[in-house]
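Trainee: predicted model, plus sequence, below.
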Amino acid sequence: MSQTASHAVGSESAATHPLKLVGWRAWAEPYPEHADFEAFLRGAQPPIADGAKPKAAAVPARLRRRCTLVSKMVLETSLPLVDQYGVDLTRTNLLFGSRNSEINILRNLLNDIEGGEALSPTAFGNSVHHTASGYFGLVCKHQGVSRTISANQDTLTCCMLETVDLLRRDPEAWVLMVFAEEMPLPPFDQMLASPPFPFAVAMLWRRGGPDDPRFSMPALGPVTECPSPTLFAFLSWYLSEKRELHQAGSFGGCSWLR
Amino acid sequence: MANFALTAVGMVNALGDNLHDIRARLFAGDLGRMSPLTLKVGGSEVLVGAVHEDLPRFPPELEAFTCRNNRLSLCAYQQIQAEVARVRACYGANRVGVVMGSSTAGLDASEQAFALWYRDGKLPDGCDVHLKHEMGGVSKAIAQLAGVTGPAYTVSTACSSSAKVFASAAGLLASGFCDAVITGGVDVLCHIPLNGFNALASLCEGHSLPMSRNRTGLNIGEGAALFVMTREQPEHGVFLRGVGESCDAYHMSAPHPEGVGAEAAMRAALAQAGTAPEAVHYLNLHGTGTPLNDAMESKAVARVFDQIPCSSTKPLIGHGLGMAGAMEVGFCYLALTAAGEAVPLPPHLWDGAVDERLPVLPLTQPGDCLTVDGPVRMMSNSFAFGGNNCSVLIERR
């Protein structure tokens, strides 16, 4: 078990879980280069790209043609990470976190239905919440655990809970965690929480050691409300020198310590 | 090794809105609950597993969650609320989590809002589908109903969604984040899956015929199944013993033709339970009635098991998509908790036309029962788009 001693909060106690963020990679429409996205998270003002699209160049063309935008963003970030760190895919668990995932594929299917048009079988197949993880499996021949998690503003926290358990079950395993959101088209832009811009972030996790950040749920200190997506606040903290991050959330928030 | 008690279940589906009716109609093989529905696109008529009963309404303070999908959840939740109150009192609200599986979430509400917008160019006043449409809202609704404040999230991997929740819920218990978890699945009949599966030529006009040489496709159904899972270890009861997950890595909407991923999921569930195949007494098949699924599943089952009694319960309630996994584990639970010495087996209802191209499976008939000394074990299979597979093994002792 990868747990250390705990702080006491009120009548509760919470274990902390050391987790190693082996590497991460981001793509965002205004910041298609990872370095620019990282600069954005550090509070700098990198140049904003105009109308960037994920290339997903490592994806075979016959598959890429069928991929959704969300899938391309996921593949654009996850494939280089898997390649860079020589990930053993036979011991890799994939967690895809998204609040609205393929919302625009769904929206366009609804448009077809209201227009009395037959649905495209490919579009319907691409409309499920875990479409992007399916394409990842196809491209990488990944045959292990693959879950798609959605928890409103708590999606990152819940993916971390899953990560703690997956690494408890197999301390030598890898967890590839990928988040992606696109901008909902009308009328869903009026009805759903929109991200600041289309983005995907892939993170590669392993069991941590004494020098790695420790995760706790619930939070171990006074929490701060973070704008959605809370993932950005976590990454900003990770890139900073700050010792602690206590994020608000629906179930007591979570803490990161180092 | 998983070993968590399933201390309560609530269900609603085409067979009824309470366990008494569902149990009676399940083991009697009552096909009469399926009903016709006209597709919005093309106008053809198909059979669906719609819930016939009036569904309960949310209390005014939770009105924002109201949609048919969440009302199905509410109906199932009301059947387990006494047990939820017990674990909440015993462990504290913050130690009880919620993990739900769904593929539609409140898509029924989104479809209605979209239709108005399409027609009028504007949304109705006060339209807010945020809490209904988002996948996470499915679990949030249950958490609010139950008054619990532990982790609440939704797993959405299409037709394996609510099988996978058993792995996630067990993980919350094993890792110490929760002492009890409300877990299960819910999906609602709505236009996108109905017309989408029609576009894939996967719907059949009459009752689905899993494993038959005459099978042409599936029926779709709706419903909800909720469990309470705890770390408690009562001497007798029903326990989660293993969950196996795999991916085909083969095709986005077709399974691997030899069922390689399906076999891996079943073997992984057995391995997690530390159980030999011959120690499992019944298998609830994914058994959609589509040519491809049943072909690959029968091959995979024949490689893993030696003549295990099995059935598909989808002709009775339709394919519940994101709720199918939990519902079919629920059917196993009903079998394991039936009164009397003998354990009734859900019947496989079909036309009896053996597909000579496939391995012959021992399909159950109405009235079939098991008599077993010691623990009784049952497995349920769920296979989804993207080749996302999950098998769940439960045990009565």
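Mentor: Arrived safely.
Trainee: in contact with A:Gly252, which residues?
Mentor: Shown in contact with A:Gly252 (CB atoms under 8 Å, 6 or more residues apart in numbering or on different chains): A:12, A:217-219, B:94, B:149. Glycine gets a C-beta too; all of them are placed from N, C-alpha and C.
Trainee: could I get the phi/psi values of it?
Mentor: phi 90, psi 0 (degrees, to the nearest 10).
Trainee: cool, and B:Leu285?
Mentor: According to degrees, to the nearest 10, B:Leu285 has phi -70, psi 150.
Trainee: residues contacting it?
Mentor: B:Leu285 touches B:210-211, B:297, B:301, B:310-312, B:361, B:381, counting by CB under 8 Å, 6+ apart.
Trainee: among the residues you listed, which lie within strands?
Mentor: B:310-311, B:381 (DSSP state E).
Trainee: now those residues in a markdown table, with neighbour count and distance to B:Ser35?
Mentor: Listed next are the ones in strands among the contacts of B:Leu285 as a markdown table, based on neighbours: other CB atoms under 10 Å in any protein chain shown; distance: CB to CB, whole Å:
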| residue | neighbour count | distance to B:Ser35 |
| --- | --- | --- |
| B:Cys310 | 25 | 27 |
| B:Ser311 | 29 | 22 |
| B:Asn381 | 29 | 26 |
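Trainee: please identify which of those is nearest to chain A.
Mentor: B:Asn381 (16.4 Å; CB to the nearest CB).
Trainee: before we move on, back to that, what subset of the ones in strands among the contacts of B:Leu285 is also close to chain A?
Mentor: For chain A, no contacts are drawn from these by CB under 8 Å from any CB of the partner chain.
Trainee: can I get those in JSON lines including distance to B:Ala167?
Mentor: As requested, the ones in strands among the contacts of B:Leu285 are arranged in JSON lines below (distance: CB to CB, whole Å):
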{"residue": "B:Cys310", "distance to B:Ala167": "22"}
{"residue": "B:Ser311", "distance to B:Ala167": "24"}
{"residue": "B:Asn381", "distance to B:Ala167": "14"}
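Trainee: report the two of the contacts of A:Gly252 separated the most.
Mentor: A:Ala219 and B:Thr149 (13.0 Å; CB to CB).
Trainee: out of the two, which sits in the more crowded spot?
Mentor: For A:Ala219 versus B:Thr149, neighbours defined as other CB atoms under 10 Å in any protein chain shown are more numerous around A:Ala219 (24 against 20).
Trainee: so what's the more buried one closest to, chain neighbours aside?
Mentor: A:Gly253 (3.6 Å; CB to CB, 6 or more residues apart in numbering or on different chains).
Trainee: just the helices in the stretch 1-150 of chain A please.
Mentor: Taking DSSP state H, counting those that start in this stretch to define them, one finds helices in the stretch 1-150 of chain A at A:34-41, A:61-64, A:69-84, A:103-114, A:121-125, A:131-140.
Trainee: centre of the chain versus the shortest one, how much separation?
Mentor: Same thing as helix A:61-64. Remark: helix A:61-64 is offset 23 Å from the chain centroid, using CA atoms, centre = their mean, to the nearest Å.
Trainee: for the residue lying closest to B:Ala82 once chain neighbours are set aside, give the beta-bridge partners.
Mentor: Nearest residue to B:Ala82 in three dimensions, chain neighbours excluded: B:Ala8, at 7.8 Å (CB to CB, 6+ apart). Beta bridges link B:Ala8 to B:Val228, judged by DSSP bridges.
Trainee: roughly how far does B:Ala8 sit from B:Tyr333?
Mentor: 10 Å (CB to CB, to the nearest Å).
Trainee: tell me where the stretch 201-350 of chain B has helices.
Mentor: B:260-273, B:291-304, B:314-317, B:324-336.
Trainee: neighbours of residue 213, how many?
Mentor: The chain I'm using is chain A. Around A:Pro213 there are 21 residues (other CB under 10 Å).
Trainee: that's the wrong chain, I meant chain B
Mentor: 14.
Trainee: test my guess that it contacts B:Glu356.
Mentor: Yes. Here B:Arg213 lies in contact with B:Glu356, judged by CB atoms under 8 Å, at a distance of 7.1 Å.
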